[in-house]
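**Q** quick check, what structure comes out for this input:
(chains A and B)
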Protein chains: 2
Amino acid sequence: MREIFYPNSVAVIGVSNSPDNMGRGIVYNLTEFGFQGIIYEVGPKGGVFAGRRIYKSILDIPDHVDLAVILTPARTIPSILEECGQKGTQWAVVESGGFGEYGEEGKKIEEEIVQVAKKWNMRFVGPNCIGVINMENGLCTPFPPLKRIVRHGDISMISQSGGVGMSVLNLMANEGLGLNKFVSAGNMLNIQTEELLAYFIEDPGTKYILLYLEGIQDGGKLMEIARRSPKPIVAFKANIGKFGKSIASSHTTSLSSNDRVVEAAFRQCGIVRVHDATSLGNDLKILRLPAMRGKNLAIISRSGGHAVIAADACEMSGLTLVQFPREFLEEIEKHFRASVIKLTNPLDLGDLFDLEIYLRIIDRTLAQKEVDGIVFLHTFNATFEGQASRDLFARVIELSQKYDKPVALYVSTEDQEVSYLKKNLKHPVFTQVVETIRALELNRRYFAEKQRMQQPAGIPSFAVEKERARSMLEKPRLERRDPLLHEAAEILRLYGIPIVRGIPVPDEGEAIKAARELGFPVAMKVISQQISHKSDIGGVQLNLRSEAGVADAYRDMVKRIRQAYPEVNIEGVLIQPMVTGGRELIVGGRQDEQFGPVVLVGLGGIFVEIFGEVSVRVAPISRREAIEMIDELRGAAIFRGVRGLKPSDIDAIVDVLLRFSQLVCDLPEVGEIDINPLRVFQEKEGCLALDVRMILKKD
Amino acid sequence: MREIFYPNSVAVIGVSNSPDNMGRGIVYNLTEFGFQGIIYEVGPKGGVFAGRRIYKSILDIPDHVDLAVILTPARTIPSILEECGQKGTQWAVVESGGFGEYGEEGKKIEEEIVQVAKKWNMRFVGPNCIGVINMENGLCTPFPPLKRIVRHGDISMISQSGGVGMSVLNLMANEGLGLNKFVSAGNMLNIQTEELLAYFIEDPGTKYILLYLEGIQDGGKLMEIARRSPKPIVAFKANIGKFGKSIASSHTTSLSSNDRVVEAAFRQCGIVRVHDATSLGNDLKILRLPAMRGKNLAIISRSGGHAVIAADACEMSGLTLVQFPREFLEEIEKHFRASVIKLTNPLDLGDLFDLEIYLRIIDRTLAQKEVDGIVFLHTFNATFEGQASRDLFARVIELSQKYDKPVALYVSTEDQEVSYLKKNLKHPVFTQVVETIRALELNRRYFAEKQRMQQPAGIPSFAVEKERARSMLEKPRLERRDPLLHEAAEILRLYGIPIVRGIPVPDEGEAIKAARELGFPVAMKVISQQISHKSDIGGVQLNLRSEAGVADAYRDMVKRIRQAYPEVNIEGVLIQPMVTGGRELIVGGRQDEQFGPVVLVGLGGIFVEIFGEVSVRVAPISRREAIEMIDELRGAAIFRGVRGLKPSDIDAIVDVLLRFSQLVCDLPEVGEIDINPLRVFQEKEGCLALDVRMILKKD
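**A** As a prediction, the model looks like this:
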């Protein structure tokens, strides 16, 4: 991959003297960015460009060419790549559009170029992209003419959109963030996002990685690479809507939309997700500060109003305004004309105007072991206090490094001064109070999570009858139907997930016998291959208290279903004992196209539909993740015990989630599965699945 | 009030030649901003400043002085105001700090200056503020030296923090938003926010009003003024946390925190609330565009990636990507090389590079009656397309005005060009895709709401026995206790709110008799002045099915309470019939310090505590508001009927809310009241309060 970013020679293919030729933009950018290697121009018409020969083919170039950058019509690409292969140029950037994104014809050309690349063992970026940039050697291959406005730094970016990539480079330039490398990945026929990410993780010049993603090819691989990254990865994942609208055949599918899985997966592998440009910039900044090791924040502000806004934001973000210890306050009082400032947190510097005193207060505050980080809010007039403020900031940055604690600098001053500070301080500068504090909390979470991820996760493995479960799925698969309730229930049992006992019976007489055997009251559920949402069509009868009741319910159920759905074949009913007490959860799993097996848990009953409160994770999950899933439910308090309610058996839920996670990983042929409800009893009393639906993956 | 902003002469009191004198900053700013009136300097030491005499007292000035701007130590203010009074100067801005905000001594001085002002019929802004600015005549009285970076425009601001005010002026300068007037309101001893707001609503130079609020003095007055404002009011209300932490004695109080009331009140009177600087700037911009009259958005983007982000944001914000009509697409196809652009919404301009074509597409899109507004996302290189893009924007702005539909312009280009566009276009420019679309939806909601507010609200008035209700509250008031359950129930009845029948009885025998009269099963609730949360101490027994059951429950309840709380005096129990079926709501009301009577409704039972899902409004409410309150509950779907459930009697809930609103307005002596639960039955079957708690206002 190094060859893509560090070629000694580049051939730009698609250069001509025609006025609307865009290939010349690439040559322009290579020159503008001071590319340190040799540039060759290639174009079928030949000619001269800026005093240099335009070769008619790459084959005509007398020397070796490391990298071909190609911008010619789509249909010409296969033969051009063929020539590159013959030339021994194994690396290319194909910027041309007109491929799969425009239809069938383009798709065919894509297949051709994949073949050519295979034949010559070539690797290429694109097509349909704007190329690569490496600030270290001035390699800059986008075709829109650029100015070198962003500075050389340590952030590298992979963008699945050229336009968004360019916008982010503008943002970075404005925020004073430095770029190391940039790739516009395009249609990713050959070199994928995951591979580029793996390269940046090893690349010495890259310290921070930024992703703009519209799609994910191999979610599992992405997670695996991200998990081992010592470098922060910030990702803007767009294209959220489309998947959400796909038709969902189970609760789990509608509740674990692709985007919720992305959210969970990123969290599980430590990728910081952003949703807009504001937080993109601020998150890239805040992760450059030392880690905030706890929740205790000190706010030091020159303006009382900003202190109030910061305190609000602190409360909303979940950080804590640390109480300053008495000794500290006494020390401050002794030194700093304390009569005019209120010694509280937020510390309003009131009418102190001496910046030297600010510095001493910040120093002493950082020295407090109770303080994990500071937000320093400085409002000033650049004309009168510009230089003094620059000096103050420089020394505050030293203090932040000395104490290895973050000091987030918020400034409010003239535009030009803000711009100067952003571009010249060795430390990020923030310009929005609320965002600054949100970002600090992100810093805390990021580093805490990273530390936890270094401890082995410990995915438990239960002794289960996996092979028997798989063989049980054979019959429905051959019959091209989904497993029936009692078949699905048996599979749960094989995985040690407790499910209410049930006796499948073919007729009324057997139903009464089964009810007698189980003891009244009982529940009756229809068994039919064609019926999936049983309760919607009257296929569930609860609380049947006598033999007569069972008989009535049976006849009534059959009659009603036959009337409403004459084509439905009723195979019988399942008789179960009624289960009372406890609270309800839904536990679900499905195979996600990008990330593979996924599990979710949510509050059961009608609330899951109305509030959509669920926790999602990519499986397999660790015990810690199972507990987190429960705790992050907004309804978790119900299970922990509130207002006189006894706590539920959380251990049993965790056990079910872990076994369920193993099940969805072991049995990829199960496309979707819902346990709904899982009835959870009081502590030590376990839980019990009352119903389960299983849908096999369609081939 | 005009005199504060348009004085012909200003005396700056507190000027000296001492190096740290801050009064000179005021003179500096008046000069810098080109104040068109006469400036006098006043300071007790006298002397000369910049070739002009410093008068020792305002009384020494030979001419009339319209406005005194005072920056001297707090203790000197009463005598200085006295001199202003003697001089006949009736308007002042007191910038000095050291008053109520610093403690008791300062509070005393505040009382003195209020008295002096009363005596001379003076009006003043402050103290503890940074003064006023009027861009029309160059009046600029803040003491920190300023540069005239913000341009003269039509936005006026009232800020309860000087520092935040200055930050917002920086923001406005950077965004190219023009200022008309600015007031830092300070401690508001005399001139209040509400009065300033009323002035700005009448002020011809002001077209948009911006508020930064940390506290609200008279919420009712604020709402009344805002309601009649034809000018958009954007408010940043901070200081959220503190009130949330006050101890809540009822559900209603904890659920209708001061900040939720603020949120509701602003919405009810059409104030646009912002929570951070980003949306502050963007909301001020978006309200300057023509109204978006429906939800149908067209996205036109030069970059596919930006189009994807915009489509995501559209889905999240609740706007709709309008389907372009076939005729429109055919027209586009005919004219614009359609083979290379996909004719969908978002419209990705793909490899069209001719800006003239963009303009024609925007023109034709605006002409579609189905399209309510456009986001145009333009990424360009300023060096090569700067001038062409400026021309394009100018013409797009004309189109937006011609069709009277908003076109929100998003640009991604070099910093300097963005800055140029912000400062020179007669139309706001956005730089964040997600924010642009969120803001457009705000534009739509704002104008829709404003239009609705022009129709009379129609607060219904029910014939109720108000005087009897008031007299019923007399007894508990005299006995310094809260109303007992049956007393509170009677008051609900007087307001026509259906409440379950209940018979208060003193002992076991009477309890059995009452149960027999009501019919089994019954509920039993303890009656005691000292017990408020009855169920927490076992004071509620449900589902008693026989005389023996009632007797047992009575003895058991009394015994348990006596054991646990020996000091509690049990006055008897209330016997009620058991009510089955229906769904539960909580309905609450309280007297808010700032806004007066408030009503709320939420899902009942445990979910109100866990999800905190409630709708809050300042009373009295209209029928439309009552319906909105129910609809905005995330759980509203339950009442509308979902998945086979029958819909609930919404009309009955609306009726209860309206009567309840009248009750809390009629009876301000009731500090807090919860109906919990209100049981709601199926359509046409009404609803029934099962329990009510009433807490009288403490004097």
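**Q** find the residue at the geometric middle of chain A.
**A** Ranked by distance to the mean C-alpha position of chain A (CA atoms, centre = their mean), the top residue is residue A:266 at 3.2 Å.
**Q** so what's that one closest to, chain neighbours aside?
**A** Closest residue to residue A:266 apart from its sequence neighbours, by CB to CB, 6 or more residues apart in numbering or on different chains: residue A:273 at 4.8 Å. Any C-beta I mention is one placed from the backbone N, CA and C, and that applies to glycine too.
**Q** buried set for the strand or helix carrying the one you found?
**A** According to DSSP states H and E, residue A:273 maps onto strand A:272-274. By 16 or more other CB atoms under 10 Å in any protein chain shown, the buried positions in strand A:272-274 come out as A:272, A:273, A:274.
**Q** swap in stretch A:122-136?
**A** Under the neighbour-count criterion of 16+ other CB under 10 Å, stretch A:122-136 has A:122, A:124-135 buried.
**Q** need those in CSV with distance to chain B, pLDDT and secondary structure, can you?
**A** Shown next, in CSV, are the buried residues of stretch A:122-136 (distance: CB to the nearest CB, whole Å; pLDDT from 0 to 100; DSSP: H, G, I helix; E, B strand; the rest coil):
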residue, distance to chain B, pLDDT, secondary structure
A:122, 26, 97, coil
A:124, 20, 98, strand
A:125, 16, 97, strand
A:126, 14, 92, coil
A:127, 13, 94, coil
A:128, 9, 92, coil
A:129, 11, 94, coil
A:130, 10, 93, coil
A:131, 15, 95, coil
A:132, 17, 98, strand
A:133, 15, 98, strand
A:134, 20, 98, strand
A:135, 17, 98, coil
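**Q** which one of the residues you listed is nearest residue B:88?
**A** Residue B:88 has its nearest neighbour among the buried residues of stretch A:122-136 in residue A:135, at 68.7 Å by CB to CB.
**Q** average pLDDT across stretch A:624-631?
**A** Mean pLDDT, stretch A:624-631: 94.
**Q** picking that back up, list the helices and strands the strand holding residue A:273 packs on?
**A** Judged by 3 or more CB pairs under 8 Å, 6 or more residues apart in numbering or on different chains; DSSP states H and E, strand A:272-274 is in contact with strand A:233-237, helix A:258-269, helix A:277-286.
**Q** direction included, what does the regular element (helix or strand) spanning residue A:679 pair up with?
**A** Residue A:679 is part of strand A:670-680, with elements assigned from DSSP H and E. According to DSSP bridges, strand A:670-680 has the following sheet partners: strand A:583-592 (antiparallel), strand A:687-689 (antiparallel), strand A:692-696 (antiparallel).
**Q** can you add mean pLDDT, distance to residue B:306 and mean neighbour count and give these back as JSON lines?
**A** Output for the strands paired with strand A:670-680, formatted as JSON lines (pLDDT from 0 to 100; distance: least, CB to CB, whole Å; neighbours: other CB atoms under 10 Å in any protein chain shown):
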{"stretch": "strand A:583-592", "mean pLDDT": "93", "distance to residue B:306": "27", "mean neighbour count": "24"}
{"stretch": "strand A:687-689", "mean pLDDT": "96", "distance to residue B:306": "47", "mean neighbour count": "23"}
{"stretch": "strand A:692-696", "mean pLDDT": "93", "distance to residue B:306": "37", "mean neighbour count": "21"}
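**Q** what would those look like in TSV with distance to residue A:313?
**A** Below are the strands paired with strand A:670-680 laid out as TSV (distance: least, CB to CB, whole Å):
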stretch	distance to residue A:313
strand A:583-592	34
strand A:687-689	40
strand A:692-696	44
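**Q** what's the closest of these to residue B:169?
**A** Counting by CB to CB, residue B:169 lies closest to strand A:583-592 out of the strands paired with strand A:670-680; the figure is 49.7 Å.
**Q** what does the helix or strand following the closest one contact?
**A** Following strand A:583-592 in sequence order, the next helix or strand is strand A:596-603 (DSSP H and E). Contact partners of strand A:596-603, identified using CB atoms under 8 Å, 6 or more residues apart in numbering or on different chains, comprise A:219-220, A:252, A:255-256, A:261, A:264, A:584-592, A:608, A:611-621, A:629-630, A:633, A:635, A:638, A:653, A:657, A:660-661, A:664-665, A:668.
**Q** just to revisit the earlier point, quick check, nearest of the buried residues of stretch A:122-136 to residue B:384?
**A** Of the buried residues of stretch A:122-136, the one sitting nearest to residue B:384 (CB to CB) turns out to be residue A:130, at 14.8 Å.
**Q** OK, contacts around the nearest residue to the closest one once chain neighbours are set aside?
**A** The shortest distance from residue A:130 to any non-neighbouring residue, by CB to CB, 6+ apart, is to residue A:162 (3.5 Å). Residues in contact with residue A:162 (CB under 8 Å, 6+ apart) are A:129, A:130, A:142, A:184, A:186, B:303, B:305.
**Q** now with 10 Å, please.
**A** Residues near residue A:162 by CB atoms under 10 Å, 6 or more residues apart in numbering or on different chains: A:95, A:97, A:126, A:128-131, A:142-144, A:184-186, A:212, B:303-305, B:379.
**Q** torsion angles phi and psi at the residue in chain A sticking out farthest from the centre?
**A** Farthest-out residue of chain A from its mean C-alpha position, per CA atoms, centre = their mean: residue A:548, at 55.6 Å. Taking degrees, to the nearest 10, you get phi -60, psi -40 for the backbone angles of residue A:548.
**Q** if I look at it, how far off is residue A:554?
**A** Distance, residue A:548 to residue A:554, by CB to CB, to the nearest Å: 11 Å.
**Q** name the residues contacting each of these two.
**A** With CB under 10 Å, 6+ apart as the test, residue A:548 and residue A:554 both reach residue A:512.
**Q** turn the buried residues of stretch A:122-136 into a markdown table, columns for distance to residue A:395.
**A** Formatted as a markdown table, the buried residues of stretch A:122-136 follow (distance: CB to CB, whole Å):
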| residue | distance to residue A:395 |
| --- | --- |
| A:122 | 54 |
| A:124 | 50 |
| A:125 | 44 |
| A:126 | 48 |
| A:127 | 51 |
| A:128 | 49 |
| A:129 | 45 |
| A:130 | 42 |
| A:131 | 42 |
| A:132 | 39 |
| A:133 | 35 |
| A:134 | 35 |
| A:135 | 30 |
